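1. Any chance you can model this:
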Amino acid sequence: MSAPLPAPEPGLLLRLTGPLQSWGLHSHFNERDTATFPTRSGVIGLLASALGRRRDQPINDLTALHMTVRTDRPGVILRDLHTVGGGLPAKATVTTAKGKKRTGDTGTLLTHRYYLADAAFTLALTTPHPTTEDHALLDRCADALRSPHWPLHLGRRSCPPEGPVLLGQSDDALHHLIHLPLAARPTTGPGPGGRPVEFLADRPLNHLPAPPHMISGTAEDGSHPSSELNDQPVSYHPRQRAYRARPLYRRTLLLPPSQFAGLGREQITALGHYLDTRLNTTEGSRR
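-> Predicted coordinates:
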């Protein structure tokens with residue numbers, strides 16, 4: 001007999017896709033990297049921006065939300081070369097660590113910035129044991145994402161999202177995270193079997209409400225962390241920015257070919273139909 005599915009968790013469903021995304025992890029000075037998926041620091045910063053919070057304001061309520069990411073399209077890494085300070089008079093060049101201005105051949109700095117191109121992710125931000133305050137926070141975040149205080153971006157300000165970020169609000173967000181149409185080309189191979197899709201989270205993924213036919217007999221169940229990331233924000237204050245480590249869990253589910261909705265208009269049409277018939281209903285959503 002199969003194990004019972006976990007209790008439903010209320011939360012928000014987000015769609016993060018665009019020409020470019022960049023979710024820095026170890027960026028220092030002239031090398032600006034990107035993770036291959038949205039980081040907690042980046043997504044919580046997106047929420048804070050939508051809510052209109054300044055960098056020196058607390059984020060403890062936002063960091064209490066759990067984040068589960070579904071990789072619809074992993075995208076490809078793109079490296080861009082930037083120059084800073086070139087062709088400027090000495091007084092307008094980049095300041096050194098000693099507080100002086102650069103001159104001569106040192107006036108131009110080269111920086112490498114990395115991006116994810118053509119990637120698409122679907123996210124669930126949930127609270128496992130909701131209180132009245134948790135529901136109120138989800139409501140405020142949903143309203144802010146619909147009408148953000150400041151423009152939203154996918155990791156960097158140069159990376160705007162493609163269309164609205166918020167898909168909806170549900171009392172069973174993880175169920176919909178698994179079943180929402182994917183922004184990926186349909187399966188072209190023979191046979192009706194499922195296609196592997198990776199899920200990533202900040203807590204064990206054996207809690208995912210996956211039906212038996214989506215579970216691979218050879219893949220890990222995500223009950224143990226695969227690595228550790230230093231992307232849990234403590235403060236965004238410009239002079240006191242701080243992060244702490246958190247575990248990263250990974251799990252692969254076999255999603256059916258019918259769920260791969262294609263790209264562009266095809267995917268948007270399938271997504272709209274799902275939202276109208278399954279998410280934005282009395283049973284599927286609180287909104």
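
2. residue boundaries of the strands in the stretch 151-287 of the chain?
-> Listed in chain order, the strands of the stretch 151-287 of the chain (DSSP state E, counting those that start in this stretch) span residues 166-170, 195-201, 227-235, 242-255.

3. need the contact list for residue 210.
-> Under the criterion of CB atoms under 8 Å, 6 or more residues apart in numbering, the contact list for residue 210 reads 178, 253. Bear in mind the C-beta positions are built from the backbone N, C-alpha and C, glycine included.

4. hey, which of the strands of the stretch 151-287 of the chain is tucked in deepest?
-> strand 166-170 (a mean of 23; mean count of other CB atoms under 10 Å).

5. Identify, by residue count, the longest strand of this structure.
-> Assignment by DSSP state E gives strand 109-126 as the longest strand of the chain.

6. Give me the buried stretch members for that strand, please.
-> Of the residues in strand 109-126, those buried under the neighbour-count criterion (16 or more other CB atoms under 10 Å) are 113-116, 118-126.

7. returning to what we had before: including mean pLDDT and distance to residue 263, could the strands of the stretch 151-287 of the chain go into TSV?
-> Formatted as TSV, the entries for the strands of the stretch 151-287 of the chain read as follows, by pLDDT from 0 to 100; distance: least, CB to CB, whole Å:
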stretch	mean pLDDT	distance to residue 263
strand 166-170	96	17
strand 195-201	95	15
strand 227-235	93	29
strand 242-255	95	16
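
8. Please name whichever of those is nearest to residue 158.
-> Comparison of the strands of the stretch 151-287 of the chain against residue 158 by CB to CB identifies strand 227-235 as nearest, at 19.9 Å.

9. Test for you: state the pLDDT assigned to the nearest residue to residue 268 once chain neighbours are set aside.
-> Spatial nearest neighbour of residue 268, excluding adjacent residues (CB to CB, 6 or more residues apart in numbering): residue 163 at 7.9 Å. In the prediction, the pLDDT value recorded for residue 163 is 89.

10. quick one: residue 163 and residue 26, what's the gap?
-> Taking CB to CB, to the nearest Å as the measure, residue 163 and residue 26 are separated by 30 Å.

11. With residue 211 instead?
-> With the distance defined as CB to CB, residue 211 ends up 38 Å from residue 26.

12. now do residue 252
-> Here residue 252 is placed at a distance of 26 Å from residue 26 (CB to CB).

13. With residue 200 instead?
-> With CB to CB as the criterion, residue 200 and residue 26 are 18 Å apart.

14. nearest spatial neighbour of residue 250, skipping sequence neighbours?
-> What sits nearest to residue 250 in space, not counting adjacent residues and going by CB to CB, 6+ apart, is residue 226, at 4.7 Å.

15. who touches the one you found in this structure?
-> For residue 226, the contact set (CB under 8 Å, 6+ apart) comprises 248, 249, 250.

16. Let me know the secondary structure of residue 83.
-> Local secondary structure at residue 83 is given as strand here, using DSSP: H, G, I helix; E, B strand; the rest coil.

17. Next, count neighbours for it.
-> By the measure other CB atoms under 10 Å, the count of residues near residue 83 is 10.

18. The closest residue to residue 199 other than its chain neighbours: what's it in contact with?
-> Using CB to CB, 6+ apart and skipping the chain neighbours, the partner closest in space to residue 199 is residue 251 (4.9 Å). Each residue near residue 251 by CB under 8 Å, 6+ apart is listed here: 198, 199, 201, 205, 206, 208, 219, 220, 221, 222.

19. can you do 7 Å?
-> 199, 205, 208, 220, 221, 222 (CB atoms under 7 Å, 6 or more residues apart in numbering).

20. isn't the third one right up against residue 174?
-> Translated: residue 208. Yes: counting by CB atoms under 7 Å, residue 174 is a contact partner of residue 208 at 6.0 Å.

21. Pick out whichever of the two has more residues nearby.
-> Here residue 208 and residue 174 are set side by side on neighbour count (other CB under 10 Å), and the busier one is residue 174, at 27 against 22.

22. distance of the more buried one from residue 59?
-> For residue 174, the distance to residue 59 (CB to CB) stands at 23 Å.

23. for the chain, which spans come out with low pLDDT?
-> Judged against pLDDT under 70, the low-scoring parts of the chain cover residues 1-5, 27-30, 84-109, 188-192, 281-287.

24. how much space between the residue most central in space within the chain and residue 237?
-> The C-alpha lying nearest the average C-alpha coordinate of the chain belongs to residue 38 (CA atoms, centre = their mean; 3.5 Å). In this structure, residue 38 and residue 237 are separated by 22 Å, where distance is defined by CB to CB.
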